[in-house]
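# Provided below are the primary sequence and the corresponding predicted coordinates.
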Amino acid sequence: MALYSEKVMDHFRNPRNVGVIPDADGVGQVGNAKCGDIMKMYLKITDGVIADVKFETFGCGSAIASSSMATELIKGKPVSEALALTNKAVAEALDGLPDYKLHCSVLAEQAVRAALEDYETRVREKTQ
Ligand code: FES
């Protein structure tokens, strides 16, 4: 069996939603101290829905595939659903990752959560 699924290879070679949203409503950046990989997520949120999402990932192929899949999983979804995104869901949607690469999908979950927390902080600040 190949080490990486077709889906991982596809999202690594043709990552979806790469880039920056200059006027993002929420931005989250996370990193893994051990491997040094960094992931940044940008969210545009309209009426409580993820209207747009983009990412920049400086990291391994699994991190790029995980970020790409995470953006696909939350795009068009309500914030509440995006908040519930787990690394398990990302890895499953990629048809699995090798055990020692599971932390790459954790990074994707954390990046989405960090961007959503940034969004919620901004909303709170605006309403104060
Ligand atoms: Fe660290 Fe992939 S090796 S995120």
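Happy to help now that I have it. For clarity, every value in this text was computed on a predicted model and none was experimentally measured. Numbering: from 1, shown residues only.
# Near the ligand, which residues of the chain? Just list them.
Asn32, Cys35, Asp37, Gly59, Cys60, Ser62, Ala63, Lys101, His103, Cys104, Leu107 (C-beta under 6 Å from any ligand atom). In this view, the C-beta of every residue, glycine as well, is placed from N, C-alpha and C.
# hang on, the second one in a strand?
The reference is to Cys35. No. Under DSSP: H, G, I helix; E, B strand; the rest coil, Cys35 sits outside any strand and is assigned coil.
# Does it touch Gly59 like I think?
Yes. Counting by C-beta atoms under 8 Å, Cys35 does reach Gly59; the two are 7.2 Å apart.
# Among these two, which residue is more densely surrounded?
The neighbour comparison of Cys35 against Gly59 (other C-beta atoms under 10 Å) goes to Gly59, with 19 against 14.
# mind listing the strands for this structure?
Counting by DSSP state E, the chain has these strands, from start to end: 26-31, 38-46, 49-58.
# As JSON lines, the ones you listed with mean pLDDT, mean neighbour count and distance to Arg122 would be great.
Formatted as JSON lines, the strands of the chain follow (pLDDT from 0 to 100; neighbours: other C-beta atoms under 10 Å; distance: least, C-beta to C-beta, whole Å):
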{"stretch": "strand 26-31", "mean pLDDT": "98", "mean neighbour count": "19", "distance to Arg122": "7"}
{"stretch": "strand 38-46", "mean pLDDT": "98", "mean neighbour count": "21", "distance to Arg122": "10"}
{"stretch": "strand 49-58", "mean pLDDT": "98", "mean neighbour count": "20", "distance to Arg122": "15"}
